[in-house]
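>>> Predicted structure and sequence below. I'll ask about it afterward.
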Amino acid sequence: QRDEGIAGDLLEIGLFGGLSAPLMGMHSTEKETAFFADLKLRDGVSDIVKNATVGEAKFLEKTSSEITHEHDLGGCQNRFRFIHIDGGHTGTELTLDLKLADDILDEKGIIAIDDFFSYMYPQITDATLQYLRNNRYRLSIILCGFNKAYLARPHYAHNYLKEIDQGLQSHMVALGFDGMTLF
């Protein structure tokens, strides 16, 4: 996204212990806002995330079904370039998270879904595939692995697929992931 000049806000649904939230905050820019939503923020998590976030960090103590574009997210739809979903782990909760993400995702944005193909949470995979089936041509899977699925708008997916094809394996090898197979 940085190489392509894609800018926009970021959203993390579900912080729990705050493991991925600081990483997302580190990838924000000074002009972007990173929103972090969880029903209950654990002690100290917001400070860790705030210190790691380059842009502005905003915290929402509510579920995705309670979040409104106008009040909580600044009133602008289609301006989020990256959304990470790791909230409730029921099919219904994930469907609500996906609906919100789909509504606010930029045309060049990415949605990452945690616990996809996890044997512990088969409902995550099922709800994701059901959402894609019920909302044809809104989102498509561009990559999955290591219990994550990455979705993009179908008309922009080919740009990400090209980048994945041309650079992911060499990048992963540079990080020490030798012997990776890409399909």
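Structure's in. What do you need? Here the structure is a predicted model, which is why all the values come from computation and not from measurement. Residues are numbered from 1 along each chain as shown.
>>> Give me the pLDDT value at the spatially most central residue of the chain.
By Cα atoms, centre = their mean, the chain has its centre lying nearest to residue 84, at 2.1 Å. In this model, residue 84 is scored at 96, pLDDT.
>>> does it really touch residue 116, like I thought?
No: using Cβ atoms under 8 Å as the test, residue 84 is too far from residue 116 to be in contact (12.0 Å). Using the backbone N, CA and C atoms, a C-beta is placed for each residue, glycine as well.
>>> And the lowest-mean-pLDDT helix or strand in the chain, what's buried?
The helix or strand with the lowest mean pLDDT-type score in the chain, counting by mean pLDDT, DSSP states H and E, is helix 69-72 (a mean of 77). For helix 69-72, the neighbour count (16 or more other Cβ atoms under 10 Å) marks no residue as buried.
>>> and the next element down the chain from it?
strand 80-85 (DSSP states H and E).
>>> Return the list of helices and strands in contact with that next one.
strand 9-13, helix 91-104, strand 105-114 (3 or more Cβ pairs under 8 Å, 6 or more residues apart in numbering; DSSP states H and E).
>>> ok so, going back, distance of the residue nearest to the centre of the chain from residue 52?
Relative to residue 52, residue 84 is positioned 14 Å away (Cβ to Cβ, to the nearest Å).
>>> go on, residue 6?
Taking Cβ to Cβ, one finds residue 6 at 21 Å from residue 52.
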